[in-house]
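>>> generate coordinates for the sequence data below:
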Amino acid sequence: MIKYKTAIEVAEEWGITVKTIRSMCAAGKIHGAVKYGKYWAIPPNARRPIDKRLSTDENGNPCPKQIKIPIKSFKYERNNEDIRITKFTGDEKIVIVPEKIYGRKVTTIGKGFFDSGTYSEDLKKCEIVLPSTLKYIETYAFAYRVSKINLPEGLEYIGAYAFVACPIRYIYIPASVERIDEGAFYECENLWIDVDPENKFYMSQNGALFDKSMEKLLFYPYNQEKITIPETVTRLCEGIFSAEYNESEKSHIRLSIPNHVKEIGDYCFQYQPWTVVLGDNISKIGEYAFIGCILETNLDSLLKRLHKIPSGAFSEVEAFIPEKRNVKIPDNITEIGHYAFGETTISKITVAGSIKNVYMDSFELIDNMEIVLEQGVQGLLYDRDKAISAIVYDKTFYLPESLKEIWVEFSGCQIFCNRNSYAYHYVKNSRRNNKIWCKD
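Model (predicted):
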C-alpha cells in the first residue's frame, strides 16, 4: 500500500508554501495527486514541476541564484548608508540574502537572523547564499540552522556563536576576513574549515582553524581520529572540544595538554567525558572549562598559578586525579566564581584571607562540606548581588574574627568561631538548630 504525503509534508520538502502545493495539485501539475475532501494526497515519489520562471537543475529544483525571496521576508534597519538585516521570517530551504534593499547595500547580518532561540531537532535546516556586499556576521546570526553557506570575499567579521551547533560540513574563509570571535563555530560537529592562503590573520591545518601565528587554536574538527595540538599553540580557545553530553566512540580517551599551552578558554572541554591531563604551565582557565570531565592535574600547583577561579571552572568534575578531597585556595587567588566547585567530590575547602568575600554559590550541591575561612575574609554571602539570603544546611564552618558581613542562614551546621566575634553573635541570634564551638 502506497503511503501518500500531505501538502504540508511536500511543501516542507520542496521549500515552498502549502498554498503553492495545493495550486499545483489543482492545476494537475503534480502527477498522481488525489484529493480527498479538502485534502490532497501526493505520491511519495512525485517530482517537483519545473517552474519556467526559474533556471532549474536536472531534477527540476530551482538554482539558488534564481530564487527570488520577497523583501518583506527580511526585517532590517539602516546603518548609516547601509542595511543591517536583523531577522528572516520566511520558510524557504534556500535563503538568498539580497545585495541591496531599496538601493542600499546589505553589509551586516544581525544577531539572531533566524531568531531560533534554543536548539531543537525540529528546527528547519537551510542553505544560505550571502551577497558580495556583506562585511559583518554578528553573534548567533545563523545558530542551529545552516547546513550550507558561502562566505563571500569582502567579509571582514564573524561574531561569537555565529554558527553554533549548525549541521554544516564545510566552510571556506576568504582572504578578507580580519576577525573571528572565539566560539564562532561552537559545537559544529561535522565541520571542516579551510582558509584562503592569502588571509593575513588566520590559517587552517587539517580542518582546524588557527590565528596566523598558530598560537591560538580556534576550532578543531570533531571527526579527527587523533587529536594533535601543534607545539606553537599557547591558547585553546572557547568551546573547541565542547561536547554537550557527547557519547561518541571517543568518549573515554585520555588527552594530554602539552606544556606549551598556557590558557584554556571558556567551555573548552564542556561535558566531554575524557580524562584531561593538564600540562605544567597553565596559568589561565575559562568559565566551565572542565565541567563534566575527569581532570588529571596537581590541583594545588595549578591553583598557585591562577589569579582567579572563574565560574563553573571545576564544577561537576567527575574525578580529580590524584584524588582530591581537601582543597586550599592560596592567597594569589582574589576571586572564586559562581559554581566554581559545584557538585564535586571535594569535602573541605580552606579559603585564604586574600579573598575578601566568599560566596556559597561557589560550592553548590556539595553535601556535608567543611569550609574554613582564614583571617582576612570579611564577607560570607550567597550570591554577588545580595539578592537572596539562602539557607545553608548541614555544613561545618570555621569563621574568623575578620568576618563583618554574613548573608546566609545556617541550619543544622556546626560553627567554630571566637566568642567575641561578629560571627558568634550572628549565629547565636539566628534561632536555628546550629551548634557553636568557641575557641576561647
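
>>> the residue lying closest to K3 once chain neighbours are set aside: neighbour count?
Excluding its sequence neighbours, the residue lying closest to K3 (Cβ to Cβ, 6 or more residues apart in numbering) is P44, at 6.4 Å. Just so you know, the C-beta spots here come from the backbone N, C-alpha and C atoms, and that holds for glycine as well. When neighbours are defined as other Cβ atoms under 10 Å, P44 has 12 of them.

>>> what do you get for T133?
By other Cβ under 10 Å, 19 other residues sit near T133.

>>> quick one, what contacts the spatially closest residue to it that is not a sequence neighbour?
Once flanking residues are discounted, T133 sits nearest to K105: 4.4 Å by Cβ to Cβ, 6+ apart. Counting by Cβ atoms under 8 Å, 6 or more residues apart in numbering, K105 touches E81, D82, I83, E99, T133.

>>> apply 10 Å and report the result again.
Counting by Cβ atoms under 10 Å, 6 or more residues apart in numbering, K105 touches N79, E81, D82, I83, P98, E99, P131, S132, T133, L134, K135.

>>> same question, E13
Neighbouring residues of E13 by Cβ under 10 Å, 6+ apart: K5, I21, I42, P44, A46, R48, K93.

>>> then S132?
S132 makes contact with E99, K105, V106, N150, P152, E153, G154, L155, according to Cβ under 10 Å, 6+ apart.

>>> ok, R22 next?
A7, V10, A11, I30, A33, K35, K38, Y39, W40.

>>> element containing it?
Using DSSP states H and E, R22 falls within helix 18-26.

>>> buried residues, that helix. List them.
Buried residues in helix 18-26, counting neighbours by 16 or more other Cβ atoms under 10 Å, are found at V18, I21, R22, M24, C25.

>>> quick revisit: in strands, which of the contacts of E13 fall?
Using DSSP state E, no member of the contacts of E13 sits in strands.

>>> quick one on the thing from earlier: quick check: the farthest pair among the contacts of S132?
Using Cβ to Cβ, the two most remote members of the contacts of S132 are K105 and N150, lying 17.4 Å apart.

>>> in ChimeraX, select just the buried ones from the contacts of R22.
Those of the contacts of R22 that count as buried under 16+ other Cβ under 10 Å are selected in ChimeraX with:
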select :7,10,11,30,33,40
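
>>> now intersect the contacts of R22 with the helices, please.
A7, V10, A11 (DSSP state H).

>>> any stretches of the stretch 301-440 of the chain with poor pLDDT?
Applying pLDDT under 70 to the stretch 301-440 of the chain flags the ranges 386-389, 440.

>>> returning to that earlier point: quick check: which element contains the residue nearest to T133?
Applying DSSP H and E as the criterion places K105 in strand 104-109.

>>> list the neighbouring strands of that strand plus their orientation.
The pairing partners recorded for strand 104-109 under DSSP bridges are strand 82-88 (parallel), strand 100-101 (antiparallel), strand 136-137 (parallel).

>>> so what does the helix or strand that the last one is followed by touch, helix or strand wise?
Downstream of strand 136-137, the next assigned helix or strand under DSSP H and E is strand 146-149. Counting contacts by 3 or more Cβ pairs under 10 Å, 6 or more residues apart in numbering; DSSP states H and E, strand 146-149 is packed against strand 94-96, strand 126-129, strand 170-173.

>>> tabulate the ones you listed (a markdown table), appending mean neighbour count.
Shown next, in a markdown table, are the helices and strands packed on strand 146-149 (neighbours: other Cβ atoms under 10 Å):
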| stretch | mean neighbour count |
| --- | --- |
| strand 94-96 | 20 |
| strand 126-129 | 19 |
| strand 170-173 | 17 |
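
>>> what's the closest of the ones you listed to V261?
Closest approach to V261 among the helices and strands packed on strand 146-149 is made by strand 170-173 (23.6 Å; Cβ to Cβ).

>>> could you spell out the sheet neighbours of the helix or strand following the closest one, each with its direction?
For strand 170-173, the following helix or strand on the C-terminal side (DSSP H and E) is strand 179-180. When pairs are called by DSSP bridges, strand 179-180 turns out to pair with strand 157-158 (parallel).

>>> need the contact partners of the partner strand.
Here strand 157-158 has contacts from 108-109, 134-139, 141, 151, 171, 173, 176-181, 184-185, using Cβ under 10 Å, 6+ apart.

>>> go again with 6 Å.
Y136, I137, R179, I180, A184 (Cβ atoms under 6 Å, 6 or more residues apart in numbering).

>>> write a PyMOL command that selects only the buried members of these.
In PyMOL, a selection of the buried entries from these looks like this (16+ other Cβ under 10 Å):
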select buried, resi 136+137+180+184
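
>>> which of the contacts of strand 157-158 lies closest to V146?
Within the contacts of strand 157-158, proximity to V146 (Cβ to Cβ) peaks at I137, which comes in at 10.7 Å.

>>> ok so, going back, make a markdown table from the contacts of strand 157-158 and add pLDDT and distance to K348 to it.
Below are the contacts of strand 157-158 laid out as a markdown table (pLDDT from 0 to 100; distance: Cβ to Cβ, whole Å):
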| residue | pLDDT | distance to K348 |
| --- | --- | --- |
| Y136 | 97 | 50 |
| I137 | 96 | 48 |
| R179 | 97 | 45 |
| I180 | 97 | 43 |
| A184 | 96 | 41 |
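
>>> turn the contacts of strand 157-158 into JSON lines, including distance to R384.
Output for the contacts of strand 157-158, formatted as JSON lines (distance: Cβ to Cβ, whole Å):
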{"residue": "Y136", "distance to R384": "33"}
{"residue": "I137", "distance to R384": "33"}
{"residue": "R179", "distance to R384": "31"}
{"residue": "I180", "distance to R384": "31"}
{"residue": "A184", "distance to R384": "29"}
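
>>> thanks a lot, catch you later.
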